[in-house]
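Visitor: with the sequence up front, the predicted model follows.
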Amino acid sequence: MDDAAKLSLNGQEYSLPVVVGSENEVGVDISRLRGESGAITLDSGYANTGSCTSSITFIDGEKGILRYRGYPIEQLAEKARFPEVAYLLIYGELPNAAQLEGFRQALTYHSMIHEDMKKFFEGFRHNAHPMAILSAMVTSMSSYYPETDEDDEDLNIVRLLAKTKTIAAYAYKKAIGQPFVYPQNSLSYCANFLNMMFSVPAEPYEVDPILEDALNVLLILHADHEQNCSTSTVRMVGSSQANLYASISAGICALWGPLHGGANQKVIEMLSMIQADGGDIDKYVNKAKDKDDPFRLFGFGHRVYKNFDPRATILRKAATSVLDRLGVDDPTLDIARQLEEIALKDEYFVERNLYPNVDFYSGIIYRAMGIPTDMFTVMFALGRLPGWIGHWKELRQDPKGRINRPRQIYTGAVERDFVPLDQRG
Ligand code: SDX
């Protein structure tokens, strides 16, 4: 393996150090390039650019590998509970019994939000998108829990993990005009959320273990994904030394986009549209291939996975099992299966390595659980929280940490004199 890359430019040769990661990924360090050559690199969408080194998550897009701190996603989804995975991503190791008990206790006893924060919900329109509520409420947490010193960091991390699920459930209750349900200290993280979502004062509510287990898997599968758009946003904002809540709120906004976390909502809308249109799948596959048609197959394709998304593989199986166990017959699942089968044989999709991604099946499970479509991206955010927090913490602990400030190549007007108003065309 070369320890340096050579770049020849304008008759000069430059030697750029090579960085090799623990999984033998190779990076060319261009930190000195501009200083030595005056040139920068350009990489639209950062498809070939590493923003940092990180020890949190490893993805091999060609082999469909995803590991959190070295643990394969398949094992974590099968054997772990979400608080364990959150601790792993944030602190680097699986918690021992005492650490897990302490973390669970902290998550339980910080689940309530300040009573004054409930008043913010009165200001949102009845049909406010829950992602708008979530990002606003998370930012407002910084006014209740200002960071005063390092000790507060762990407390603020727990507050964020514990209270965000409460805010999410309250956003749902607000949307359906039902009273907020307070967290119950006797319930697990997932059961507490489901109880706050679906219980009503008028009658007792028992959390179905099928739903609790399905939510646990969904949150684990969404917990981190290295430098995706929203995590890179959290790192960008965190690099200015903005507080944790402000940084995470920025990540929530980035996740909302339909090309990113908003895709799970778009998948269900797309499948429902195909079903309403008589289930003509070929019509929509052809629309997705037509360059003059803006329609895309949401839930397909990925910047990194050029093979199957391992999370989609797990969710594909989970969708069948959860719907069977709940006795739910959802025709969009059949449409999803047919769409997947047709697309995976179609040259356009095969040539471009477009496979189902994490968003393709998740919405079908959320819907079977009774979660409304516009809450799907909120569910993605609840899962991604520990990943965002882990990356924010890793960035802030970097002794060489600097504010992120990319360069650009200017392509606008060259110097010209001001034109008085009466002389303009
Ligand atoms: C997530 O980064 C992450 O890790 C994200 C995520 C995470 O956990 O954080 O995994 C979560 O965001 C999953 C992706 C959810 N988004 C969608 O399902 C939206 C639909 N997919 C696409 O828009 C697209 O595939 C992206 C955004 C996911 C990836 O975009 P890229 O890497 O920029 O690829 P591209 O848009 O340049 O597409 C390459 C080609 C193009 O055709 P050509 O110009 O080569 O002819 O593939 C085509 C695209 O038109 N294409 C699609 C398509 N996705 C790509 N054509 C039809 N339908 C699609 N879904």
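Guide: That came in fine, so what should we check first? These numbers were taken from a predicted model, which means no experiment stands behind them.
Visitor: tell me the pLDDT of residue 150.
Guide: For residue 150, the pLDDT comes out at 58.
Visitor: so residue 348 touches residue 289, yeah?
Guide: Yes. Look at residue 348 against residue 289 with Cβ atoms under 8 Å: they come within range, at 4.5 Å. In short, each C-beta sits where N, CA and C put it, glycine included.
Visitor: more neighbours: those two, which one.
Guide: Neighbours per residue (other Cβ atoms under 10 Å) separate residue 348 from residue 289, with residue 289 holding more: 16 against 13.
Visitor: and residue 301, how far is that from residue 309?
Guide: For residue 301, the distance to residue 309 (Cβ to Cβ, to the nearest Å) stands at 10 Å.
Visitor: what about those two, which has more around it?
Guide: More crowded of residue 301 and residue 309, by other Cβ under 10 Å: residue 309, with 27 against 21.
Visitor: and the gap between the more buried one and residue 189?
Guide: Going from residue 309 to residue 189 by Cβ to Cβ gives 25 Å.
Visitor: what mean pLDDT does stretch 231-248 get?
Guide: pLDDT averaged over stretch 231-248 gives 97.
Visitor: what of stretch 305-320?
Guide: On average, stretch 305-320 scores 93.
Visitor: buried ones in that stretch?
Guide: For stretch 305-320, burial by neighbour count (16 or more other Cβ atoms under 10 Å) applies to 305, 308, 309, 310, 311, 312, 313, 314, 315, 316, 318, 319.
Visitor: same check, this time on stretch 338-348
Guide: The neighbour-count check on stretch 338-348 (16+ other Cβ under 10 Å) flags 339, 340, 343, 346 as buried.
Visitor: got it, and stretch 370-385?
Guide: 371-385.
Visitor: got the contact list for residue 109?
Guide: Going by Cβ atoms under 8 Å, 6 or more residues apart in numbering, residue 109 touches 162, 185.
Visitor: and the residue of this structure closest to the ligand?
Guide: residue 301 (2.3 Å; Cβ to the nearest ligand atom).
Visitor: I'd say that residue and residue 354 touch.
Guide: Yes. Between residue 301 and residue 354 there is a contact at 4.3 Å, judged by Cβ under 8 Å.
Visitor: with pLDDT added, can I get the buried residues of stretch 338-348 in CSV?
Guide: Below are the buried residues of stretch 338-348 laid out as CSV (pLDDT from 0 to 100):
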residue, pLDDT
339, 92
340, 92
343, 87
346, 92
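Visitor: these in helices, which ones?
Guide: Counting by DSSP state H, the buried residues of stretch 338-348 place 339, 340, 343 in helices.
Visitor: identify, from these, the entry nearest to residue 202.
Guide: Proximity of those to residue 202 (Cβ to Cβ) peaks at residue 339, which lies at 40.2 Å.
Visitor: now the closest one: closest residue in space that isn't a chain neighbour?
Guide: residue 281 (5.4 Å; Cβ to Cβ, 6 or more residues apart in numbering).
Visitor: and the gap between residue 176 and residue 83?
Guide: As judged by Cβ to Cβ, residue 176 and residue 83 stand 28 Å apart.
Visitor: those two - which one has more neighbours?
Guide: For residue 176 versus residue 83, neighbours defined as other Cβ under 10 Å are more numerous around residue 83 (22 against 10).
Visitor: test my guess that the more buried one contacts residue 102.
Guide: No. Under the criterion of Cβ under 8 Å, residue 83 makes no contact with residue 102, lying 10.7 Å away.
Visitor: need the longest helix for this structure.
Guide: Assignment by DSSP H gives helix 150-176 as the longest helix of the chain.
Visitor: mean confidence for the helix or strand that it is followed by?
Guide: Once the chain leaves helix 150-176, the next helix or strand it forms, by DSSP states H and E, is helix 189-198. Here helix 189-198 scores 98 as its mean pLDDT.
Visitor: report the next helix or strand after helix 189-198 in sequence order.
Guide: Remark: after helix 189-198, the chain's next helix or strand is helix 209-221, criterion DSSP H and E.
Visitor: who does that following helix touch, helix- and strand-wise?
Guide: helix 73-79, helix 82-91, helix 189-198, helix 310-326, helix 358-368, helix 376-397 (3 or more Cβ pairs under 8 Å, 6 or more residues apart in numbering; DSSP states H and E).
Visitor: quick one: the second one to chain centroid distance?
Guide: Helix 82-91 sits 15 Å away from the centroid of its parent chain (Cα atoms, centre = their mean, to the nearest Å).
Visitor: that one - what's its average pLDDT?
Guide: 98.
Visitor: quick check, it touching the ligand?
Guide: No. Applying Cβ under 6 Å from any ligand atom, one finds helix 82-91 separated from the ligand by no less than 13.1 Å.
Visitor: could you list the residues in contact with that helix?
Guide: Contacts to helix 82-91, defined as Cβ under 8 Å, 6+ apart, come from residues 56-57, 68-69, 71, 76, 80, 94-95, 99-100, 103-104, 107, 157, 161, 189-190, 216, 219-220, 223-224, 383, 385-387, 389-390, 393.
Visitor: near the ligand, which residues of the stretch 201-350 of the chain are found?
Guide: 225, 228, 259-261, 263, 288, 296-304.
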